[in-house]
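**Student:** Have a look; sequence and predicted model below, questions after that.
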Amino acid sequence: MRSIALFCIWFFCCSPNSLQAQDSHNSIDIAHYSFALSVTDLSNEVNITANLHLNRRDIKAPVYLDLVGKGTDGKGMLVTTVNTVSSNQPLRFVQEKERLVITIPSSLDRDSSLDLVISYNGLSSPTTGQTADTTGW
């Protein structure tokens, strides 16, 4: 149990795989976020659901979030769904190597705030220069 708690602290503070609450294009301000994390003793895979409340500065711009995608070594995160909270409407998204790009449909363009649920999973990998324990976290 202690190793899971330590992993959670490392994952959300130090991991390059965590979803960053920043937008380098300054089109959004993430006012609130929460993460639900699921891990098992059977594998090193982690399943994450991120709930984000966004205030959009540019309602026509896509939403850009930093998230390390799954690499050839199998480590990294794979986004499975992006939905709106209000209508549970799935949104189009593209996961690039280190970025998630979410397209906001024109039906939601008039809303300056938006609540999203993003589900993703994968294997975490240590950042460069950090020591990993034997589990690979």
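**Tutor:** Perfect, I can see it now.

**Student:** what number of residues lie near residue 107?
**Tutor:** If you count neighbours by other CB atoms under 10 Å, residue 107 ends up with 10. Any C-beta I mention is one placed from the backbone N, CA and C, and that applies to glycine too.

**Student:** Next one: it from residue 66, what distance?
**Tutor:** Distance of residue 107 to residue 66, given as CB to CB, to the nearest Å: 27 Å.

**Student:** what's the answer for residue 43, then?
**Tutor:** From residue 43 to residue 66 the distance is 25 Å (CB to CB).

**Student:** Among those two, which residue is more densely surrounded?
**Tutor:** A direct count of neighbours by other CB under 10 Å for residue 43 and residue 66 places residue 66 higher, at 16 against 8.

**Student:** The more buried one against residue 97, yeah?
**Tutor:** No: the pair residue 66 / residue 97 is not scored as a contact, 10.7 Å apart, by CB atoms under 8 Å.

**Student:** residues contacting residue 74?
**Tutor:** Residue 74 makes contacts with residue 123, as judged by CB atoms under 8 Å, 6 or more residues apart in numbering.

**Student:** how about it, phi and psi?
**Tutor:** phi 90, psi -10 (degrees, to the nearest 10).

**Student:** How confident was the prediction at it?
**Tutor:** Per-residue confidence at residue 74 stands at 86 (pLDDT).

**Student:** repeat for residue 40
**Tutor:** 81.

**Student:** All the strands of the chain, in order from the start?
**Tutor:** Using DSSP state E, the strands of the chain run over residues 28-39, 45-56, 63-66, 76-84, 93-95, 99-102, 113-123.

**Student:** In this structure, what helix or strand scores lowest on average pLDDT?
**Tutor:** helix 2-14 (a mean of 50; mean pLDDT, DSSP states H and E).

**Student:** Any regions of the protein where pLDDT drops low?
**Tutor:** For the chain, the stretches with pLDDT under 70 are 1-26, 108-111, 125-137.
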